[in-house]
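Peer 1: fold the following and give me the result.
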Amino acid sequence: MPQAAIVAESKPDPTADRTAGSEFAPLLRTVREQGLLERRAAWYARGIAVNLIFLAAIVTGMALLGPSWWTLLLAPPLAILSARMAFVGHDAGHSQITADRGKGRLIQLVHANLLLGMSQEWWNDKHNKHHANPNHIDKDPDVAADILVFTQQQTAGRTGLRRRLTRHQAWLFFPLTTLEGIALKVYGFQAVFSRQDTRMPARRRAVEGLLLAAHVGGYVTLLLTTLTVGQAIVFALLHQMLLGLHLGMAFAPNHKGMEMPDPENSQGWGHLRRQVLTSRNIRGGLFTDWFLGGLNYQIEHHLFPSMPRPHLRLAQPLVRAHCLARGVSYTETGLIDSYRQALGHLHRVGEPLRVGA
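Peer 2: Numbers count the residues shown, from 1 in each chain. Take a look at the predicted model:
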């Protein structure tokens, strides 16, 4: 679906701001009236229980198989299960599971810190900035220039290894995502244990640090008591790389190649346009919903971050119709085509570095 161009206004006045805001207000009212913002605690409780049962089954399987290379066959299902836990932690951070902030934080601490070894506080800070200004060149940490770059302006000054990576970043994208599971742990550990980072309150830092240490201790103990050292290393690498790939496949289609607002082209955008024009939905059935953790309804999720995952599908027709009535481009495509669009964008961004290389 082609993306509609939005004409940037010079500088919105208060009237324009109210007009932009009113684009979203009728949709919010309809969604609220239909009960789509009401929590689904029982739905999440069943899902969490199933995840824990499968986790217990995998751990039991590792103990029964013992130091055998056949035990490595349990690494892929553990990676898939870890992604399920990451999705639960994500939803808890958005208050999708419960409106009680204390209970939501506890659920997220258990899933992120204890079960995944990823800092809840660090993730929330980063992810909330992304939701506030998705795809914004200066404000969204997910499109900040790092290993990957997302605009041709970001390619300026790239030298050495980073320049070579940027030149072929489209081809390297999925191989690089295999490191995402490890990177999330590293960034989280740095945020919790770095003395220079003072944004995290001392008490929360202590709780997160203890849970991260418990994760590492439990994970290493499980591997070394069931496998040889060599098998344990291979199992851990396989588990973490497949987890990173799964997460990359879930997050890659959502924003890459969509509008990238900046102060010049997004003046006057209200919540509706800021979230819809920068996001892409993925068509599919129940398997797509399960595999992508509901993130295939990225537009609905960004418009209503606290909406429970099972309600996103129900809200989609309302959002699509509202965008059509308002003349706002609503982008939806198949999973494979979403990867084509995302990788095509990354390829175009790296083109200046390939010219004359």
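
Peer 1: nearest spatial neighbour of His239, chain-adjacent residues omitted?
Peer 2: In space, and not counting its chain neighbours, His239 is closest to Ala75: 4.5 Å by Cβ to Cβ, 6 or more residues apart in numbering. C-beta: built from backbone N, CA, C; applies to glycine.

Peer 1: what's the burial count for the one you found?
Peer 2: 21 (other Cβ atoms under 10 Å).

Peer 1: for the residue nearest to the spatial centre of the chain, what are its contacts?
Peer 2: Centroid-nearest residue in the chain: Phe251, 5.0 Å away (criterion: Cα atoms, centre = their mean). Contacts for Phe251 were tallied using Cβ atoms under 8 Å, 6 or more residues apart in numbering; they are Leu295.

Peer 1: in which helix or strand does the residue nearest to Asp262 when sequence neighbours are not counted reside?
Peer 2: Distances taken as Cβ to Cβ, 6+ apart place Ile137 nearest to Asp262, at 5.2 Å, with adjacent residues excluded. Applying DSSP states H and E as the criterion places Ile137 outside every helix and strand.

Peer 1: Ile137 against Gln152, yeah?
Peer 2: No. Taking contacts as Cβ atoms under 8 Å, Ile137 lies outside contact range of Gln152: 11.4 Å.

Peer 1: quick one on the thing from earlier: number of nearby residues for the residue nearest to Asp262?
Peer 2: 17.

Peer 1: for the stretch 251-357 of the chain, which spans come out with low pLDDT?
Peer 2: The stretch 251-357 of the chain contains residues with pLDDT under 70 at 263-267, 356-357.

Peer 1: what about the strands in it?
Peer 2: 281-282, 332-333 (DSSP state E, counting those that start in this stretch).

Peer 1: out of the ones you listed, deepest packed?
Peer 2: Most buried of these, by mean neighbour count (mean count of other Cβ atoms under 10 Å): strand 281-282, with a mean of 24.

Peer 1: for it, the distance to its chain's centre please.
Peer 2: 14 Å (Cα atoms, centre = their mean, to the nearest Å).

Peer 1: same deal with stretch 83-99?
Peer 2: 11 Å.

Peer 1: what does it contact?
Peer 2: Contacting residues not belonging to stretch 83-99 are listed as 39-41, 44, 47-48, 51, 101, 103-105, 107-108, 111-112, 115-116, 118, 120, 123-124, 127, 243, 246-247, 250, 293-295, 305-309 [Cβ under 8 Å, 6+ apart].

Peer 1: and with 6 Å instead?
Peer 2: 39, 41, 44, 51, 104, 107-108, 111-112, 115-116, 124, 246, 293, 305-306, 308-309 (Cβ atoms under 6 Å, 6 or more residues apart in numbering).

Peer 1: could you flag which of those are buried?
Peer 2: Neighbour counting by 16 or more other Cβ atoms under 10 Å classes 39, 44, 51, 104, 107-108, 111-112, 115-116, 124, 246, 293, 305, 308-309 among these as buried.

Peer 1: about what we covered before: how about the residue nearest to Asp262, phi and psi?
Peer 2: When read as degrees, to the nearest 10, the backbone of Ile137 gives phi -60, psi -40.

Peer 1: where's it relative to Val328, distance?
Peer 2: Ile137 is 21 Å from Val328, where distance means Cβ to Cβ, to the nearest Å.

Peer 1: check which helices and strands the one helix or strand Val59 maps to sits against.
Peer 2: Here Val59 sits within helix 41-65, counting by DSSP H and E. In terms of contacts (3 or more Cβ pairs under 6 Å, 6 or more residues apart in numbering; DSSP states H and E), helix 41-65 is packed against helix 75-93.

Peer 1: now do the helices in the stretch 251-357 of the chain.
Peer 2: Assigned by DSSP state H, counting those that start in this stretch, the helices in the stretch 251-357 of the chain fall at 271-276, 286-291, 298-303, 309-326, 335-349, 351-354.

Peer 1: residues making contact with the third one?
Peer 2: Identification of contacts with helix 298-303 by Cβ under 6 Å, 6+ apart yields Asn254, Gln275, Val276, Ser279, Asn281, Leu312, Ala315, Gln316, Val319.

Peer 1: let me know which of the helices of the stretch 251-357 of the chain is tucked in deepest.
Peer 2: The most buried one of the helices of the stretch 251-357 of the chain (mean count of other Cβ under 10 Å) is helix 298-303, showing a mean of 24.

Peer 1: could you dump it to PDB, C-alpha only?
Peer 2: Extracted in PDB, the C-alpha atoms of helix 298-303 (Å, rounded to 0.1, in the frame of the first residue of the first chain):
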ATOM      1  CA  GLN A 298       1.500  -2.000  15.700                       C
ATOM      2  CA  ILE A 299      -0.800   0.900  14.700                       C
ATOM      3  CA  GLU A 300      -3.500  -0.100  17.300                       C
ATOM      4  CA  HIS A 301      -0.800  -0.800  19.900                       C
ATOM      5  CA  HIS A 302       0.800   2.600  19.400                       C
ATOM      6  CA  LEU A 303      -2.500   4.400  19.500                       C
END
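
Peer 1: quick one, what contacts Arg158?
Peer 2: Arg158 makes contacts with Thr166, as judged by Cβ under 6 Å, 6+ apart.

Peer 1: what about 10 Å?
Peer 2: Ala145, Val149, Arg164, Leu165, Thr166, Arg167, Gly350, Pro352, Leu353 (Cβ atoms under 10 Å, 6 or more residues apart in numbering).

Peer 1: would you format those residues as TSV with distance to Gln190 included?
Peer 2: Shown next, in TSV, are the contacts of Arg158 (distance: Cβ to Cβ, whole Å):
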residue	distance to Gln190
Ala145	19
Val149	22
Arg164	26
Leu165	21
Thr166	24
Arg167	28
Gly350	28
Pro352	32
Leu353	29
